[in-house]
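Trainee: Sequence isn't available, so here's the structure alone:
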């Protein structure tokens, strides 16, 4: 599975494992891969488990951490040596990796890999003042550079990937229109594999537009949807609707999601 990262699910899982996973042991001997998340996000562990080419299990536990007592988490674990070897070659090696991880050296699906990184060490949502944002915190210089490069390619915005002076980690963030464009790119379908609460937030961020009175400030010309266009969106395939309406496939897919009210 992980020898072909042009498969969206495989690319996503590698990104998530690089940020939140742990590869213990030795690929030439015994070892295991674990992915621990808050219990509320256990659904994505199950989604990953059923996609694995080997047996995996999900278990729950409650413990005290530095941040809270009675913290309940869920952990996906698998031991298969062949799968672990594929993961190591794909960029999830055994041992400590927080500051040494880097994008895979082979061809991979960028949007899904990027979404995996954000599900692990990223944040997406709105500030208290209603400003949409996406941010990524990492100790890896290579990942910080990659995130900045993606932001530039997708949004046209340049971001500094240098570490901060306080603790040496990299915090890369975009807001407003750039955040909306990045969210629509990474969460390119309403039901892509991923952490549900982040997906819900990202779909809202991706649908954000500035208020009409402030649209010019962001270089956005807002085109209102008509009832006739909505009828086409709901009754035609997304690609045909986009061609007929002169809109992008992503905008039509997002409009269909909003009209359906299918908020997961």
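Mentor: Alright, I've got the coordinates. On a predicted model such as this, the values are computed, not experimentally measured, just so you know.
Trainee: check contacts around residue 115.
Mentor: Residues counted as contacts of residue 115 (C-beta atoms under 8 Å, 6 or more residues apart in numbering) are 12, 15, 186-187, 192, 194. Just so you know, the C-beta spots here come from the backbone N, C-alpha and C atoms, and that holds for glycine as well.
Trainee: And the helix or strand hosting residue 42, what does it pack against?
Mentor: Element membership for residue 42 (DSSP states H and E) is helix 42-51. If you count contacts as 3 or more C-beta pairs under 8 Å, 6 or more residues apart in numbering; DSSP states H and E, helix 42-51 packs onto helix 8-20, strand 31-38, strand 57-63, strand 71-78.
Trainee: closest to residue 177 out of those?
Mentor: helix 8-20 (24.3 Å; C-beta to C-beta).
Trainee: How far does that closest one sit from its chain's centre?
Mentor: Taking C-alpha atoms, centre = their mean, to the nearest Å, one finds the center of helix 8-20 at 9 Å from the center of the full chain.
Trainee: Let the chain start at 37 from now.
Mentor: Noted, 37 is the first residue going forward, which turns the last one into helix 44-56.
Trainee: after that helix comes which helix or strand?
Mentor: strand 57-61.
Trainee: Name the strands paired with that next one and say parallel or antiparallel.
Mentor: strand 67-74 (antiparallel) (DSSP bridges).
Trainee: buried residues in the helix holding residue 78?
Mentor: Residues of helix 78-87 classed as buried: 78-81, 83-85 (neighbour count, 16 or more other C-beta atoms under 10 Å).
Trainee: picking that back up, derive a ChimeraX selection command for the buried subset of the contacts of residue 151.
Mentor: Buried residues within the contacts of residue 151, by 16+ other C-beta under 10 Å, are selected in ChimeraX with:
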select :48,51,222,223,228,230
